[in-house]
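Colleague: Sharing a model that was predicted from the sequence below.
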Amino acid sequence: MDILNNRVVAGLLCVVMVVASSVVGGGATLGSLRGQTAAIFTLGQSGAPGIQSDLNEIAAQSFNVTVIAGRYLQEDYTGIVQVLNSRDALLSAAGPREKHRAAGELVAATNMLRTTLDGLDLSAQDQNLLASCVVEINSRLMLIAGSGYNQSALYFNHTLERFPANILGRAARVSPLELYE
């Protein structure tokens with residue numbers, strides 16, 4: 001135990017403990033900040049719902065379009081199947097980037113089905129419902145475009161690139177956030 005009485009060893013142990021506590025504390029803080037920023041995607045900020053809420057509504061409205069289409073087209077019509085498959089892909093997508101891609105495919109498939117329905121003799125009620133679905137989808141797309149998630153994620157990612165966060169983040173294995181793009 002004479003080694004613990006050595007001033008040089010004691011000094012080195014102090015330095016190691018300070019560095020270790022800095023890495024652990026800094027990593028925990030960065031991890032917490034990452035979690036708070038990532039939650040904006042789901043929970044939103046400043047009273048506005050998150051992108052996930054808007055994506056869920058787009059999925060619901062796209063499904064409503066398939067219900068309307070089912071009244072005039074066979075259930076196995078390619079356009080209906082594409083919307084339903086794209087909707088399932090969106091709802092099962094993991095991460096903002098994959099959700100962005102899946103949402104784009106769903107909106108495109110829904111628009112193609114809507115174009116098909118525009119050429120059919122829909123009842124007045126179904127025309128109104130279809131128009132309402134399209135308006136709601138477009139409204140949600142505009143809300144997503146104005147969301148603060150990407151800006152917050154970019155700010156976090158830039159923070160993670162700067163000193164000392166770049167060192168602490170790597171040591172604590174804190175990764176950058178995906179953007180919704």
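Modeller: Structure received.

Colleague: from here on, contacts and neighbour counts on C-alpha atoms
Modeller: Noted.

Colleague: Give the rounded mean pLDDT of stretch 60-73.
Modeller: The average pLDDT within stretch 60-73 is 98.

Colleague: Tell me how the protein divides into domains.
Modeller: 1-47+148-181, 51-146 (automatic domain parsing).

Colleague: and these, which is most packed in?
Modeller: Comparing these by mean neighbour count (mean count of other CA atoms under 10 Å), domain 51-146 comes out on top with a mean of 17.

Colleague: next one: it to chain centre, how far?
Modeller: Domain 51-146 sits 18 Å away from the centroid of its parent chain (CA atoms, centre = their mean, to the nearest Å).

Colleague: rank the domains of the chain by mean pLDDT and give me the bottom one.
Modeller: domain 1-47+148-181 (a mean of 84).

Colleague: Give me the helices and strands touching the longest helix along the chain, please.
Modeller: Counting residues, the longest helix found in the chain (DSSP state H) is helix 7-43. Helix 7-43 is packed against helix 51-70, helix 149-161, helix 165-171, with contacts defined by 3 or more CA pairs under 8 Å, 6 or more residues apart in numbering; DSSP states H and E.

Colleague: Name the residues that touch the first one?
Modeller: Residues from elsewhere that reach helix 51-70, judged by CA atoms under 8 Å, 6 or more residues apart in numbering: 41-44, 80, 83-84, 87, 90-91, 103, 106-107, 110, 113-114, 117, 126, 130, 133-134, 136-137, 140-141, 143-144, 147, 149.

Colleague: Helix or strand for residue 73, just tell me which one.
Modeller: Following DSSP states H and E, one finds residue 73 outside all helices and strands.

Colleague: outside of stretch 92-102, which residues touch it?
Modeller: Residues contacting stretch 92-102 (CA under 8 Å, 6+ apart): 41, 86-87, 89-90, 178-181.

Colleague: rerun that using 10 Å as the cut-off
Modeller: Stretch 92-102 is contacted by residues 38, 41, 51-52, 55, 86-91, 103-106, 108, 149-150, 177-181 when judged by CA atoms under 10 Å, 6 or more residues apart in numbering.

Colleague: do the same with stretch 72-84
Modeller: With CA under 10 Å, 6+ apart, stretch 72-84 has contacts from 59, 62-63, 65-70, 85-90, 105-114, 116-117, 120-122.

Colleague: Over to stretch 173-181?
Modeller: So stretch 173-181 is contacted by 27-28, 30-32, 34-35, 37-38, 41, 51, 95-101, 144-145, 147, 149-161, 165-169 (CA under 10 Å, 6+ apart).

Colleague: CA atoms only for the helix or strand hosting residue 100 - export them in PDB, please.
Modeller: Using DSSP H and E, residue 100 maps to helix 96-118. Output in PDB follows, covering the C-alpha atoms of helix 96-118 (Å, rounded to 0.1, in the frame of the first residue of the first chain):
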ATOM      1  CA  PRO A  96     -37.000  10.500 -39.000                       C
ATOM      2  CA  ARG A  97     -35.200   9.900 -42.300                       C
ATOM      3  CA  GLU A  98     -37.100   6.700 -42.900                       C
ATOM      4  CA  LYS A  99     -40.400   8.300 -41.900                       C
ATOM      5  CA  HIS A 100     -39.700  11.100 -44.300                       C
ATOM      6  CA  ARG A 101     -39.200   8.700 -47.200                       C
ATOM      7  CA  ALA A 102     -42.200   6.600 -46.300                       C
ATOM      8  CA  ALA A 103     -44.400   9.700 -45.900                       C
ATOM      9  CA  GLY A 104     -43.400  10.900 -49.300                       C
ATOM     10  CA  GLU A 105     -44.300   7.600 -50.800                       C
ATOM     11  CA  LEU A 106     -47.700   7.600 -49.000                       C
ATOM     12  CA  VAL A 107     -48.600  11.100 -50.200                       C
ATOM     13  CA  ALA A 108     -47.600  10.200 -53.700                       C
ATOM     14  CA  ALA A 109     -49.700   7.000 -53.700                       C
ATOM     15  CA  THR A 110     -52.600   8.800 -52.100                       C
ATOM     16  CA  ASN A 111     -52.500  11.600 -54.800                       C
ATOM     17  CA  MET A 112     -52.500   8.900 -57.600                       C
ATOM     18  CA  LEU A 113     -55.500   7.300 -56.000                       C
ATOM     19  CA  ARG A 114     -57.200  10.700 -55.700                       C
ATOM     20  CA  THR A 115     -56.500  11.400 -59.300                       C
ATOM     21  CA  THR A 116     -58.200   8.100 -60.200                       C
ATOM     22  CA  LEU A 117     -61.200   9.000 -58.000                       C
ATOM     23  CA  ASP A 118     -61.500  12.500 -59.600                       C
END
